[in-house]
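Asker: What would the 3D arrangement of this be:
(one chain, ligands or ions: 1)
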Amino acid sequence: MGSKNKKRKRQENRPTIHPNNKYSENPPDFAHLASLYPSFQPFVQFSHNGYPRIDWTDFNATRELTRVLLLHDHSLNWWIPDGQLCPTVPNRSNYIHWLQDLLSSNIISNTVSWGDDGKVRGFDIGTGANCIYPLLGASLLGWSFVGSDVTDVAIEWAERNVNSNPHVSELIEIRRIQSNASATTSCVEGLLQDEEPVLSGTEVEPLLDLPLELNSCQSKNYHRPPILVGVVRDDEKFDFCMCNPPFFESLEEAGLNPKTACGGTSEEMVWSGGEKAFITRIIEDSTQLKHNFRWFTSMIGRKSNLKFLTSKLWEVGVTVVKTTEFVQGRTSRWGLAWSFLPIVQQKSSISLPNKNTMSFMLEGLQRKDGAINVLEDVKSYFSLHGLSCTMNTSSFTVDVVATKDDCNSILKNEMPIIDQSTDYQPTETNISNGSSVNISCDRSGLRISVFQQIPGTLLVKGSVQDKNSPLSGAFSAIFRKLEEALRNKFCTRSV
Ligand SMILES: C[S@@+](CC[C@H](N)C(=O)[O-])C[C@H]1O[C@@H](n2cnc3c(N)ncnc32)[C@H](O)[C@@H]1O
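Answerer: Below is the predicted model:
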């Protein structure tokens with residue numbers, strides 16, 4: 001396959017804008033917006049083939065686009081002063097919709113008492129002058145937020161943006177973080193974020209290297225104000241925290257990534273140690289605040305940091321890690337989420353008896369527990385009952401051959417790795433008396449396959465080899481027992 005084809009294929013396989021995102025089907029239409037908002041008109045030009053476009057290197061153009069999108073599509077009044085980080089609305093909406101998915105996923109326990117009103121409450125770390133996440137979350141989904149920040153300009157403008165929108169202002173609290181150390185960060189206007197514009201049937205500008213005005217701000221004497229510990233009160237409960245962290249390690253590094261005029265001051269863009277250090281600090285804080293948040297989340301700008309941070313999470317004893325990729329235009333970002341709450345023993349997704357394939361997911365596995373460990377346990381599970389089974393480590397399968405008596409023996413007896421509290425319920429269709437199986441024929445095959453999904457998540461599938469096997473029902477019951485045994489071994493963590 002030629003490299004062009006490979007590239008095309010890779011692009012086709014990339015995740016795209018979240019389906020709930022307002023712009024997934026209807027990208028912003030610059031020409032239409034310009035016809036409605038005269039202040040936007042001067043920023044829209046038409047290319048020779050008639051496509052409307054804006055100059056992505058013009059901060060005023062990107063800011064005006066964000067302003068009209070927030071007004072037109074979200075009824076939000078919004079503004080930021082020159083040089084502050086200007087968010088792209090479709091990109092930021094993707095993060096909100098991913099959080100929505102996480103909260104509705106029931107991966108972690110919902111039984112812990114959390115607030116009495118059942119409303120979703122989030123904490124936006126570093127909300128910025130733009131206050132984009134609380135504004136979007138409140139207007140799209142009615143969520144309430146605390147948005148924190150360290151700089152005077154961010155606090156002042158976040159508050160202005162909240163107060164300009166009385167329909168959501170009750171839902172958003174802006175919280176100033178006091179820096180203990182002397183504020184010695186340097187001030188640079190016009191640092192550019194490595195963030196690419198979205199869009200649409202509209203033309204995307206080529207990426208340009210822009211001159212940076214780094215002034216004389218070479219100080220590395222960054223202050224280290226708190227992030228969550230010391231900011232979140234003991235009695236506060238949040239469904240999630242979110243963060244678009246300062247990505248860059250230094251002003252120099254920030255200067256290497258000029259792509260668009262999205263603004264961004266040093267306080268917004270730079271943290272000594274970059275996003276890796278910033279998110280590591282959130283992880284450390286999360287170990288102290290594990291009972292204050294259901295989910296901790298952060299955006300990540302560099303895929304290379306995802307591995308390091310995921311390992312760090314397993315080290316500190318989280319129960320689950322989730323990752324996602326946010327793609328918009330040619331820009332990718334990653335989402336990282338974790339929790340310390342018990343993961344829910346997911347309802348078995350095993351198909352009904354008589355169906356020949358069944359599956360379940362094992363989530364929240366520790367780093368040391370890979371597909372091979374699970375596969376070995378599958379083999380032991382059956383071998384310990386004296387069943388004939390073959391493990392194939394290339395295809396990650398275990399083939400089991402069982403008779404009616406073998407099945408009865410497994411379903412009647414406790415296995416060394418079976419959880420004692422198994423709640424297997426015999427059904428009238430496949431079980432005749434108590435836990436024994438009414439099986440009329442003799443021998444049949446079951447293949448168990450283990451697939452790696454994302455780090456920490458495996459898919460286990462069972463397929464009955466003979467489509468008409470009368471042991472299908474028994475295999476289904478045994479598969480459920482296997483699921484329980486594996487969950488008890490691999491997915492149970494103390495919190
Ligand atoms: C990349 S900006 C994100 C702004 C906005 N959330 C967005 O997505 O456009 C990072 C923000 O984190 C803030 N920040 C830096 N250190 C912080 C801390 N310790 N606690 C809270 N915010 C902090 C910066 O002032 C800046 O506003």
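
Asker: Next, work out how far apart the closest residue to W338 other than its chain neighbours and E159 are.
Answerer: Excluding the flanking residues, the one nearest W338 by CB to CB, 6 or more residues apart in numbering is V318, at 4.4 Å. The way it works is simple: take the backbone N, C-alpha and C, and place the C-beta from them, glycine included. For V318, the distance to E159 equals 34 Å [CB to CB, to the nearest Å].

Asker: same thing with R176?
Answerer: Per CB to CB, R176 is found 9 Å from E159.

Asker: Same check on L141?
Answerer: As judged by CB to CB, L141 and E159 stand 22 Å apart.

Asker: Which one's more surrounded, these two?
Answerer: E159 (18 against 15; other CB atoms under 10 Å).

Asker: just checking, the more buried one touches I174?
Answerer: Yes - here E159 reaches I174: they are 5.0 Å apart, a contact under CB atoms under 8 Å.

Asker: can you give me the strands for the stretch 301-450 of the chain?
Answerer: Secondary structure of the stretch 301-450 of the chain (DSSP state E, counting those that start in this stretch): strands at 320-328, 331-339, 357-362, 388-392, 397-403, 431-433, 436-437, 443-452.

Asker: and those strands as a markdown table, adding mean neighbour count?
Answerer: Putting the strands of the stretch 301-450 of the chain into a markdown table (neighbours: other CB atoms under 10 Å) gives the following:
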| stretch | mean neighbour count |
| --- | --- |
| strand 320-328 | 21 |
| strand 331-339 | 21 |
| strand 357-362 | 19 |
| strand 388-392 | 15 |
| strand 397-403 | 21 |
| strand 431-433 | 12 |
| strand 436-437 | 20 |
| strand 443-452 | 20 |
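
Asker: G83 is nearest to which of those?
Answerer: Proximity to G83, assessed across these by CB to CB, is greatest for strand 331-339 (20.9 Å).

Asker: neighbours around T280, how many?
Answerer: Counted with other CB under 10 Å, T280 comes out at 15.

Asker: Restrict the longest helix along the chain to CA atoms and write it as CSV.
Answerer: Assignment by DSSP state H gives helix 472-490 as the longest helix of the chain. Extracted in CSV, the C-alpha atoms of helix 472-490 (Å, rounded to 0.1, in the frame of the first residue of the first chain):
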residue,chain,number,x,y,z
SER,A,472,-24.7,-24.1,24.8
GLY,A,473,-26.9,-23.2,27.8
ALA,A,474,-24.4,-24.9,30.2
PHE,A,475,-21.5,-23.1,28.5
SER,A,476,-23.3,-19.8,29.0
ALA,A,477,-23.7,-20.5,32.7
ILE,A,478,-20.1,-21.5,33.0
PHE,A,479,-19.0,-18.5,31.1
ARG,A,480,-20.8,-16.4,33.7
LYS,A,481,-18.9,-18.2,36.4
LEU,A,482,-15.7,-17.6,34.6
GLU,A,483,-16.5,-13.9,34.4
GLU,A,484,-17.1,-13.7,38.1
ALA,A,485,-13.9,-15.5,38.9
LEU,A,486,-11.9,-13.2,36.6
ARG,A,487,-13.5,-10.1,37.9
ASN,A,488,-12.8,-11.1,41.5
LYS,A,489,-9.2,-11.8,40.7
PHE,A,490,-8.4,-8.9,38.4
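
Asker: Can you name the residues of the protein that neighbour the ligand?
Answerer: When proximity is defined as CB under 6 Å from any ligand atom, the chain approaches the ligand at 85, 87, 125-128, 130, 132-133, 148-151, 154, 177, 225, 227, 244, 246, 267-268.

Asker: Just the ones of the residues you listed in strands?
Answerer: Within the residues of the chain next to the ligand, membership in strands is found for 125, 148-149, as judged by DSSP state E.

Asker: Could you give the average pLDDT over stretch 60-70?
Answerer: Averaged over stretch 60-70, pLDDT sits at 97.

Asker: Could you find the closest non-adjacent residue to the residue in the stretch 151-300 of the chain that the ligand sits nearest to?
Answerer: Residue of the stretch 151-300 of the chain nearest the ligand, by CB to the nearest ligand atom: N244 (3.4 Å). Take N244 and drop its neighbours on the chain: the residue closest to it by CB to CB, 6+ apart is M299, 4.8 Å away.

Asker: Could you do N20 as well?
Answerer: Distances taken as CB to CB, 6+ apart place H97 nearest to N20, at 4.6 Å, with adjacent residues excluded.

Asker: The one you found contacts H18, correct?
Answerer: Yes - if you go by CB under 8 Å, H97 and H18 touch, sitting 4.1 Å apart.

Asker: follow-up on the earlier one: from the contact counts, what lies against the longest helix of the chain?
Answerer: Applying 3 or more CB pairs under 8 Å, 6 or more residues apart in numbering; DSSP states H and E, one finds that helix 472-490 makes contact with strand 357-362, helix 371-383, strand 397-403, helix 404-412, strand 436-437, strand 443-452, strand 458-464.

Asker: would you list the ones you listed in TSV and tack on mean pLDDT?
Answerer: Formatted as TSV, these follow (pLDDT from 0 to 100):
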stretch	mean pLDDT
strand 357-362	82
helix 371-383	90
strand 397-403	90
helix 404-412	81
strand 436-437	32
strand 443-452	87
strand 458-464	85
